[in-house]
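Chemist: Sequence isn't available, so here's the structure alone:
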């Protein structure tokens, strides 16, 4: 089923990253900055960025982002250099990201929830030369000896106005267009690694442009659309589904510093929001608000979701409360630059067990352990190829070789593709926990717990949660007395807060293992379920 054919621009086969051949949009911007210039040209007086009382029109975005570009160049940064952003959801995040794209720099995204060791690893691995960070997070910055390439640290004060942020670039905006090729890396997003070390996914300009065009085409977005960025902008959904998709359609991005269901409803009603992409837990939290019915949400026409299945009860309730809202499952990953499948809103109710149809130009197959495609409907690992699939991992050829074959990315998800093209995802091959759309690899948490002097070994498993889907549960074998809170405090100093185990079972008995010595996590899950 080629559902999208009638509403997408023409596509053609193209060589990509040397040895790949993929369908790509024939007429497209060369890079992210070209999309920005196009938006400003088509909708100069339209709202571009809104955050609290601060508003920028598209005619404002170009000179202000170019001013930041000039400031970055004045710091000695050149094409291909990496700059890191340790910023929350705010206008400065967007301007800095666009400025880096203008200059041909590589933006490395950090989460406000990351702790000092995690930040130090990323900055050292990518060789970042400049860090823009929120002043309130200064205590998490690594020591100079741990990040020898980092030459500049620039704080953004929470109390400062946008004009004060731009003071570090108090010279003329960069006027000339930097020669940025579409296959140049635009961003590096670090994904949790199954071995405990994150991998830097390299998103090229062409990946981001293609994915943005997919969203705009499939969701029929225009300059009249207004989106709320309720998810972190530092994640691939925040970057692509929110920022660059709104750039592509020249629409309006309304930025929420932090998601709170009550604030979201007020903002959506006041700003006449038409489109957003959130995780199902956020929709559930909105519906739980006692004053939900008091808000006029009639302008909200597209509700994208991903990261976890949407409960049927949630879909039915949203359909009752907001009849004009189309819910559209968007399945993807950092390595696929966000969407690989999208479920047309009118088909969601009839295919509730599916994550949707492959996006324009995407090919998704289920393969067996030998990498052979399985017949339609049979379950195997999902491999994904498209113009949105990244070229590989930064400074990690081994991980790239293990995760990519002929342009196909090995998702690690067990799923199937039926005869009509609908994709289903059943389980994960990797030991990953999905906490409200935030992905947590058990190996990373287990590695941190292993460093505690009282811990012999541990196993991290998912504990079902009706709101977030899953929460982090730890079974810890100890050699001496230690309390739950002490272990949580140990993890909190070394991991993002959402990765810290919320429940812990302490034992002196060894973990159950099979004949090959592998921990039997299924047995641990069954024990947890019986409690």
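Modeler: All right, it came through fine. Small disclaimer: the values here were computed from a predicted structure and weren't measured.
Chemist: Next, the nearest residue to residue 394 once chain neighbours are set aside: secondary structure please.
Modeler: Counting by CB to CB, 6 or more residues apart in numbering, residue 394 lies nearest to residue 200, which is 3.3 Å off, once chain neighbours are set aside. Yep, even glycine has a C-beta here, placed from its N, CA and C like the rest. Secondary structure state of residue 200, per DSSP: H, G, I helix; E, B strand; the rest coil, is strand.
Chemist: what sits against residue 200?
Modeler: Contacts for residue 200 (CB atoms under 8 Å, 6 or more residues apart in numbering) come out as 108, 122, 125-126, 188-190, 393-396.
Chemist: For it, name its beta-bridge partners.
Modeler: Following DSSP bridges, residue 200 is listed with bridge partners residue 190.
Chemist: Let me see the contact set for residue 528.
Modeler: Residues near residue 528 by CB under 8 Å, 6+ apart: 461, 463, 473, 505.
Chemist: What strands flank the helix or strand containing the last one, and is each parallel or antiparallel?
Modeler: In other words, residue 505. Following DSSP states H and E, one finds residue 505 within strand 503-507. Under the criterion DSSP bridges, strand 503-507 sits next to strand 469-478 (parallel) in its sheet.
Chemist: Any chance you could list what contacts the helix or strand following the partner strand?
Modeler: Going down the chain from strand 469-478, the next helix or strand is helix 484-492, by DSSP H and E. If you take CB under 8 Å, 6+ apart as the criterion, helix 484-492 is touched by 115, 445, 448-449, 451-452, 454-455, 474, 476, 499-501, 504, 506.
Chemist: Restricted to strands, list those residues.
Modeler: 455, 474, 476, 504, 506 (DSSP state E).
Chemist: Buried members of the contacts of residue 200 into PyMOL, please.
Modeler: Per 16 or more other CB atoms under 10 Å, the buried members of those correspond to this PyMOL selection:
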select buried, resi 108+122+125+126+188+189+190+393+394+396
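Chemist: Which member of the contacts of residue 200 is positioned nearest residue 359?
Modeler: For the contacts of residue 200, the closest approach to residue 359 (CB to CB) belongs to residue 189, at 19.0 Å.
Chemist: Quick check, the closest one in contact with residue 236.
Modeler: Yes - taking CB atoms under 8 Å as the definition, residue 189 is a contact partner of residue 236 at 5.9 Å.
Chemist: any common contacting residues for these two?
Modeler: Residues touching both residue 189 and residue 236 (CB under 8 Å, 6+ apart) are 203, 334.
Chemist: so which of the ones in strands among the contacts of helix 484-492 is the most crowded?
Modeler: The most neighbours of any of the ones in strands among the contacts of helix 484-492, using other CB atoms under 10 Å, belong to residue 474, which has 25 neighbours.
Chemist: can you list the domain ranges for this protein.
Modeler: Split into domains by automatic domain parsing, the chain comes to 30-423, 432-530.
Chemist: Would you tell me which one of those is buried the most?
Modeler: Of the domains of the chain, the one with the most neighbours on average (mean count of other CB atoms under 10 Å) is domain 30-423, at a mean of 20.
Chemist: what distance separates the start and the end of that domain?
Modeler: End-to-end distance for domain 30-423, by CA to CA, to the nearest Å: 31 Å.
Chemist: Where does pLDDT dip in the stretch 401-531 of the chain?
Modeler: 427-431, 514-518 (pLDDT under 70).
Chemist: Quick one: the helices in it, in order.
Modeler: Applying DSSP state H, counting those that start in this stretch to the stretch 401-531 of the chain gives helices spanning 442-450, 484-492, 521-530.
Chemist: Ok, which of these comes nearest residue 136?
Modeler: Among those, helix 484-492 comes nearest to residue 136, with 17.1 Å by CB to CB.
Chemist: how much does the closest one deviate in direction from strand 503-507?
Modeler: 120 degrees (axes from the mean of the first three to the mean of the last three CA atoms, to 10 degrees).
Chemist: Pull the distance from helix 484-492 to the chain's centre.
Modeler: Remark: helix 484-492 is offset 27 Å from the chain centroid, using CA atoms, centre = their mean, to the nearest Å.
Chemist: What of stretch 331-339?
Modeler: 8 Å.
Chemist: mind listing what residue 493 touches?
Modeler: 115-116.
Chemist: can you list the helices of the stretch 401-531 of the chain in JSON lines and add distance to residue 60?
Modeler: As requested, the helices of the stretch 401-531 of the chain are exported to JSON lines (distance: least, CB to CB, whole Å):
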{"stretch": "helix 442-450", "distance to residue 60": "41"}
{"stretch": "helix 484-492", "distance to residue 60": "40"}
{"stretch": "helix 521-530", "distance to residue 60": "52"}
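Chemist: Show me which helix or strand of the chain is least confident by mean pLDDT.
Modeler: Sorting the helices and strands of the chain by mean pLDDT, DSSP states H and E puts helix 162-165 at the bottom, at a mean of 62.
Chemist: Where does residue 49 fall, secondary structure wise?
Modeler: If you go by DSSP H and E, residue 49 is part of strand 47-51.
Chemist: coming back round to it: what's the angle from the strand holding residue 505 to helix 442-450?
Modeler: 60 degrees.
Chemist: Any idea how far strand 503-507 is from the middle of the chain?
Modeler: Its chain's C-alpha centre lies 31 Å from the corresponding centre of strand 503-507 when counted by CA atoms, centre = their mean.
Chemist: Could you number the chain from 37 rather than 1 from now on?
Modeler: That works, and once the first residue is 37, the last one we named lands at strand 539-543.
Chemist: quick one: that strand to helix 557-566, angle?
Modeler: Using the same axes, to 10 degrees: strand 539-543 against helix 557-566 is 110 degrees.
Chemist: related to what we said a few turns ago, and which of the contacts of helix 520-528 is nearest to residue 131?
Modeler: Out of the contacts of helix 520-528, the member with the shortest distance to residue 131 (by CB to CB) is residue 151, at 26.3 Å.
Chemist: measure that closest one to residue 369 for me?
Modeler: Shown here: residue 151 relative to residue 369, a distance of 24 Å by CB to CB, to the nearest Å.
Chemist: what does residue 276 give?
Modeler: 11 Å.
Chemist: mind listing what residue 321 touches?
Modeler: Neighbours of residue 321 in contact, by CB under 8 Å, 6+ apart: 297, 503.
Chemist: what distance separates the helix or strand hosting it from the centre of its chain?
Modeler: Per DSSP H and E: residue 321 is located in helix 316-323. Relative to the centre of its chain, helix 316-323 is centred 18 Å away, using CA atoms, centre = their mean.
Chemist: so that helix versus strand 505-514, what angle?
Modeler: 120 degrees.
Chemist: What strands flank the helix or strand that helix 316-323 is followed by, and is each parallel or antiparallel?
Modeler: Later in the chain than helix 316-323, the nearest helix or strand by DSSP H and E is strand 338-341. With DSSP bridges as the test, strand 338-341 is paired with strand 311-314 (parallel), strand 362-369 (parallel).
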